[in-house]
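Trainee: Okay, here's the prediction I keep looking at, along with the sequence it came from:
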Amino acid sequence: MRAKYLSTIALLSCSMQFSVAHADSIWSQFIDPNDQRFDASNYLADNAYGFLPVPVIITDPAVDGGLGLAGLFFHESEEEKQQRLDVLRNSDEASQFLIPPGVSVAAAAATGNDSWFVGGGHMGFFNQGRTRYMVGTGYGDVNLDFFGFGDITLNNPVSLNTRATGLFQSIKFKLGDTPIFAGFLQQYIAAEIQPNNLGDLGGNFLPPEYQEEFQEAIRQLVTRDVTTSALGLVVEFDNRNNFFSPKFGYKYTLEYLWYRDTFGSDIDYQLAGLSALNYWRLSDRFLAALRVDMDIADSEGLLPPFATPSIVLRGIPAMRYQGKYVAVTEAELTWQVDARWSVNGFMGAGRVANDYDELKESSSLVSKGAGFRYQIARRYGFDMGMDIAFGPEEAVWYIQAGTAW
């Protein structure tokens, strides 16, 4: 889990804790003396450490929505805690001081289509934040519809059940006084895949032009036990002005992973990913943002569905469109109504294919939508709100805590 998401969850949970028995005393912490509006900055400064329960609301239609609960545990000495709280209470740029030396998380969630997940992780900061370490592990029993790979589309989607245990680790080191980090990654997934209805793979489930070449290969891919295991490298540039809801700056991340038998993988392939997030302040009232993502799986044959890149875009259900080559771009324009409220409009497009030439010729899958934000913690520059996106098949709504990306 990335640092942004752990910190965002912490802020969200803090803002939602409210004791009816002490309503009068607590409510005063939620009023900003500058504008007399609701604001969680003071409450966060006083209560940002210890144990935090976090409600999880899942809106993705791919799993029919769902609910969950996470618990965050912040690790630091009493002296470190007091020093940090003193800074938090008196700083107008408190977001840079929020993350303590260590954060652990445990979580569980269940969805409307009988999927469920349990997991946990830890994020540690060393040498005054110049070294960052993350580890996460979990087990999931997930039901998702499988539609095919790239232009290889099934006649009817197959409902797949994937039971998987996963492990992720990363360590990054800051390069001098630059906003650049470089380091190493490890990923491991052991999965059992099978259709929920074996009859879905009977007969000719592929169009005639693909049956001879791919029918048996796909049948084996979605009815097998498989392990993928990799080591990789990561380089990251991040000079955004805010960790949670950036208004200007850039974050570029390049990852490259080698899956090899040497590392315990049943399949040998490479996976490369590039993410470019760009934020610009056009004027006092208008902000613009642009996201560009590219994922490439370099393999001789098709990969299991859970290991195949997919389009991640507001308005498109999880893992709906997959392929060995995935390209996504999304632009967003925000109008700052006043110091607290803003409204936004966005449009994105994605393409999938199984080789680069097909990617250039494939049709774009377009999504568009709008939303709003309220700055719930001024000193942290932290916004919350909701988006509704209209994708190729349906409309999807999202609760947003911090940036959508």
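Mentor: Structure's in. What do you need? Residues are numbered from 1 along each chain as shown.

Trainee: where's the nearest residue to Asp64 once chain neighbours are set aside relative to Gly66, distance?
Mentor: Using CB to CB, 6 or more residues apart in numbering and skipping residues adjacent in sequence, the residue nearest Asp64 is Gly112, 2.9 Å away. (Each C-beta comes from the backbone N, C-alpha and C, glycine too.) Note on Gly112: its distance to Gly66, by CB to CB, to the nearest Å, is 6 Å.

Trainee: The strand or helix carrying Arg291: partners in the sheet, and parallel or antiparallel?
Mentor: In the assignment (DSSP states H and E), Arg291 maps to strand 286-298. Taking DSSP bridges as the criterion, strand 286-298 forms sheet pairs with strand 269-281 (antiparallel), strand 325-336 (antiparallel).

Trainee: Deepest in the core, which of these is it.
Mentor: Among the strands paired with strand 286-298, strand 325-336 has the highest mean neighbour count (mean count of other CB atoms under 10 Å), at a mean of 20.

Trainee: Export it to CSV, keeping only CA atoms.
Mentor: The C-alpha trace of strand 325-336 is given here as CSV (Å, rounded to 0.1, in the frame of the first residue of the first chain):
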residue,chain,number,x,y,z
TYR,A,325,-0.3,-3.6,-23.3
VAL,A,326,-2.4,-1.0,-21.5
ALA,A,327,-2.4,2.7,-22.0
VAL,A,328,-4.5,5.2,-20.0
THR,A,329,-4.8,9.0,-20.0
GLU,A,330,-7.1,11.2,-18.0
ALA,A,331,-7.5,14.9,-17.8
GLU,A,332,-9.3,16.9,-15.0
LEU,A,333,-10.3,20.5,-14.7
THR,A,334,-11.3,21.9,-11.3
TRP,A,335,-13.1,25.2,-10.5
GLN,A,336,-12.4,26.5,-7.0
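
Trainee: need the next SSE after that strand, C-terminal direction.
Mentor: Next along from strand 325-336, by DSSP H and E: strand 341-353.

Trainee: now that following strand, how far from the centre of its chain.
Mentor: 15 Å (CA atoms, centre = their mean, to the nearest Å).

Trainee: Report the strands that pair with that strand, each with its relative direction.
Mentor: When DSSP bridges is applied, strand 341-353 pairs with strand 325-336 (antiparallel), strand 365-377 (antiparallel).

Trainee: Quick one: mean pLDDT over the helix or strand following it.
Mentor: Note on strand 341-353: by DSSP H and E, the next helix or strand toward the C-terminus is helix 356-361. For helix 356-361, mean pLDDT rounds to 89.

Trainee: rewinding a little: just put the strands paired with strand 341-353 in a markdown table and tack on mean pLDDT.
Mentor: As requested, those are exported to a markdown table (pLDDT from 0 to 100):
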| stretch | mean pLDDT |
| --- | --- |
| strand 325-336 | 98 |
| strand 365-377 | 95 |
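
Trainee: JSON lines for these, including distance to Asn34?
Mentor: Below are the strands paired with strand 341-353 laid out as JSON lines (distance: least, CB to CB, whole Å):
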{"stretch": "strand 325-336", "distance to Asn34": "16"}
{"stretch": "strand 365-377", "distance to Asn34": "12"}
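
Trainee: Would you tell me which of the ones you listed gets closest to Met319?
Mentor: Closest approach to Met319 among those is made by strand 325-336 (11.1 Å; CB to CB).

Trainee: For the closest one, what is the distance to the chain centroid?
Mentor: Put simply, strand 325-336 sits 15 Å off its chain's centre (CA atoms, centre = their mean).

Trainee: do the same with stretch 275-295
Mentor: That offset, for stretch 275-295, works out to 17 Å (CA atoms, centre = their mean).

Trainee: And for stretch 59-77?
Mentor: With CA atoms, centre = their mean, you get 12 Å for stretch 59-77.

Trainee: Show me which residues of it are buried.
Mentor: Asp60, Pro61, Ala62, Val63, Gly66, Gly68, Ala70, Leu72, Phe74, Glu76 (16 or more other CB atoms under 10 Å).

Trainee: taking the residues you listed as a set, which two sit the farthest apart in space?
Mentor: Pairwise over these, using CB to CB, the maximum falls at Pro61 and Glu76, 39.9 Å.

Trainee: Check the chain for its longest strand and report it.
Mentor: Using DSSP state E to define each element, the chain has its longest strand at strand 152-174.

Trainee: strands paired with that one, and their directions?
Mentor: With DSSP bridges as the test, strand 152-174 pairs up with strand 131-149 (antiparallel), strand 180-195 (antiparallel).

Trainee: I'd like to know which of the ones you listed is closest to Leu206.
Mentor: strand 131-149 (8.0 Å).

Trainee: could you dump that closest one to PDB, C-alpha only?
Mentor: Only the C-alpha atoms of strand 131-149 are listed here, as PDB (Å, rounded to 0.1, in the frame of the first residue of the first chain):
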ATOM      1  CA  THR A 131      14.600   5.700   3.500                       C
ATOM      2  CA  ARG A 132      11.100   4.400   3.000                       C
ATOM      3  CA  TYR A 133      10.000   0.800   3.500                       C
ATOM      4  CA  MET A 134       6.700  -0.800   2.800                       C
ATOM      5  CA  VAL A 135       5.400  -4.400   3.200                       C
ATOM      6  CA  GLY A 136       2.000  -5.800   2.700                       C
ATOM      7  CA  THR A 137       0.400  -9.200   2.700                       C
ATOM      8  CA  GLY A 138      -3.100 -10.600   2.400                       C
ATOM      9  CA  TYR A 139      -5.500 -13.300   1.400                       C
ATOM     10  CA  GLY A 140      -8.500 -12.800  -0.900                       C
ATOM     11  CA  ASP A 141     -11.300 -15.000  -2.200                       C
ATOM     12  CA  VAL A 142     -12.500 -12.900  -5.200                       C
ATOM     13  CA  ASN A 143     -15.200 -13.400  -7.800                       C
ATOM     14  CA  LEU A 144     -14.800 -11.400 -11.000                       C
ATOM     15  CA  ASP A 145     -16.100 -11.700 -14.500                       C
ATOM     16  CA  PHE A 146     -13.500 -12.500 -17.100                       C
ATOM     17  CA  PHE A 147     -14.100 -11.000 -20.600                       C
ATOM     18  CA  GLY A 148     -10.900 -11.900 -22.400                       C
ATOM     19  CA  PHE A 149      -7.400 -10.500 -23.200                       C
END
